[in-house]
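Q: pasted the sequence and its predicted model underneath.
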Amino acid sequence: MSEPASSYYLATAAPSLPHEPLRGRREAAVCVIGGGFAGLNTALGLAERGTREVVVLEARAPGFGASGRNGGFVFGGFSRGEGALLREVGVARAKALYGGTLQAVELIRERIARYRIDCEPTEQGVIWANWFKDAAVLRERQALLAEHYDTHWAWWSRDRLRTQVNSTRYHDGLFEPQGFHFHPLNYATGLARVVADAGVAVHAASPAVSLERNGASWRVRTPEGEVEAPQVVLACGGYLAGLRARVDAAVLPIATYVMVTAPWARACPRCWRPAQPSTTRVSPSTITGRYPIRASSGADGSPCSTVRPPRCDACSTGTC
């Protein structure tokens with residue numbers, strides 16, 4: 001995967017601490033490969049539980065991959081729909097799994113506050129907007145969530161939705177109040193700071209080039225060093241690159257594209273209602289996810305939005 005020359009998140013990132021590459025040999029209780037959300041939160045969880053001698057190896061810099069280049073929305077659930085989850089694992093297991101994702105949202109929120117991670121958390125919730133006129137799909141989902149997952153999303157009529165998003169493209173919707181938005185790269189680099197402060201060794205520019213058994217331990221080699229540890233956590237996502245064939249075979253890389261426009265406050269002041277000064281996710285009920293948001297600031301400090309809708313219905317030309 002290629003490295004982006006720049007991005008909105010890089011352009012608006014807070015200053016972060018440098019992390020030196022791994023040089024030489026060292027031993028650890030746990031070696032975490034990957035310095036994104038999964039790897040850094042794993043390391044932090046270990047440190048919070050008193051585990052010493054934890055090492056994080058990151059091929060580039062903390063948050064380089066998808067963790068620092070995503071939509072920035074935090075909410076519960078799986079890509080697998082709630083109905084499919086019920087059919088495949090049963091009611092009790094599905095509820096437990098779904099509940100775990102809601103607990104994870106609260107853990108992220110709590111860690112941001114406890115460790116004072118400056119990642120612009122915005123508590124505006126998530127709107128699941130109906131792309132189609134038929135309200136049955138969202139009504140059925142609302143009922144299923146309430147009955148089997150003890151999760152209650154508010155129904156928004158079309159008129160209510162229009163108070164937030166001034167477009168006739170969307171019809172009714174569901175509002176998930178627990179979801180929120182943050183600056184993902186700032187969250188990742190903030191986690192790296194917290195983890196390092198907790199005594200975890202975080203090494204950037206240290207790609208794991210091999211992973212092999214060495215007696216009761218594992219040996220992880222990088223271009224300039226190696227780590228010996230009885231426990232290894234693979235948190236590489238789509239960058240696994242053949243370290244462990246069985247795990248690699250289960251990883252399916254996906255892509256997300258983020259576009260940054262000129263500030264809408266000048267181009268189309270009527271597209272977004274002034275009552276929402278920052279971020280509410282609008283997730284249409286389509287196969288391809290689209291989520292227009294209004295970001296807190298652009299690279300030049302002015303408000304901007306990350307996704308342009310298919311058509312602006314607030315303007316006479318529809319081309320702003």
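A: Cool, the structure landed. Numbering: from 1, shown residues only.
Q: flag the shaky bits of this protein, pLDDT-wise.
A: Within the chain, the segments meeting pLDDT under 70 span 1-5, 241, 262-320.
Q: packing partners for whichever helix in it runs longest?
A: Ranked by residue count and defined by DSSP state H, the top helix of the chain is helix 91-114. Packing partners of helix 91-114 (3 or more Cβ pairs under 8 Å, 6 or more residues apart in numbering; DSSP states H and E): strand 73-74, helix 82-89, helix 136-149, helix 184-197. Where you see a C-beta, it was placed from the backbone N, CA and C, and this is true even at glycine.
Q: tell me which helix or strand comes right after that helix.
A: Scanning forward in sequence from helix 91-114 by DSSP states H and E, the next helix or strand is strand 126-129.
Q: counting neighbours, which bits of that next one end up buried?
A: Across strand 126-129, burial judged by 16 or more other Cβ atoms under 10 Å covers 126-129.
Q: just send the helices and strands packed on helix 91-114 back as a markdown table, with distance to Phe64 too.
A: Listed next are these as a markdown table, based on distance: least, Cβ to Cβ, whole Å:
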| stretch | distance to Phe64 |
| --- | --- |
| strand 73-74 | 20 |
| helix 82-89 | 31 |
| helix 136-149 | 34 |
| helix 184-197 | 8 |
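Q: which one of those has the most crowded surroundings?
A: helix 184-197 (a mean of 23; mean count of other Cβ atoms under 10 Å).
Q: quick one, it and helix 91-114 angle?
A: 80 degrees (axes from the mean of the first three to the mean of the last three Cα atoms, to 10 degrees).
Q: list of residues touching helix 184-197?
A: Here helix 184-197 makes contact (Cβ atoms under 8 Å, 6 or more residues apart in numbering) with 9-10, 13-14, 16-17, 19, 35-37, 40-41, 43-44, 47, 56, 62-63, 67-72, 111-112, 115, 117-120, 202.
Q: ok, residues contacting stretch 143-152?
A: 76, 82-83, 86, 91, 94-95, 98-99, 102, 153.
Q: dump it to CSV, restricted to CA.
A: Extracted in CSV, the C-alpha atoms of stretch 143-152 (Å, rounded to 0.1, in the frame of the first residue of the first chain):
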residue,chain,number,x,y,z
ALA,A,143,-37.6,-2.7,16.2
LEU,A,144,-35.0,-5.4,15.9
LEU,A,145,-32.4,-3.3,17.9
ALA,A,146,-34.9,-2.6,20.6
GLU,A,147,-36.2,-6.2,20.9
HIS,A,148,-32.9,-8.2,20.7
TYR,A,149,-30.1,-5.8,21.6
ASP,A,150,-31.8,-3.5,24.1
THR,A,151,-30.6,-0.6,21.9
HIS,A,152,-33.0,2.3,21.3
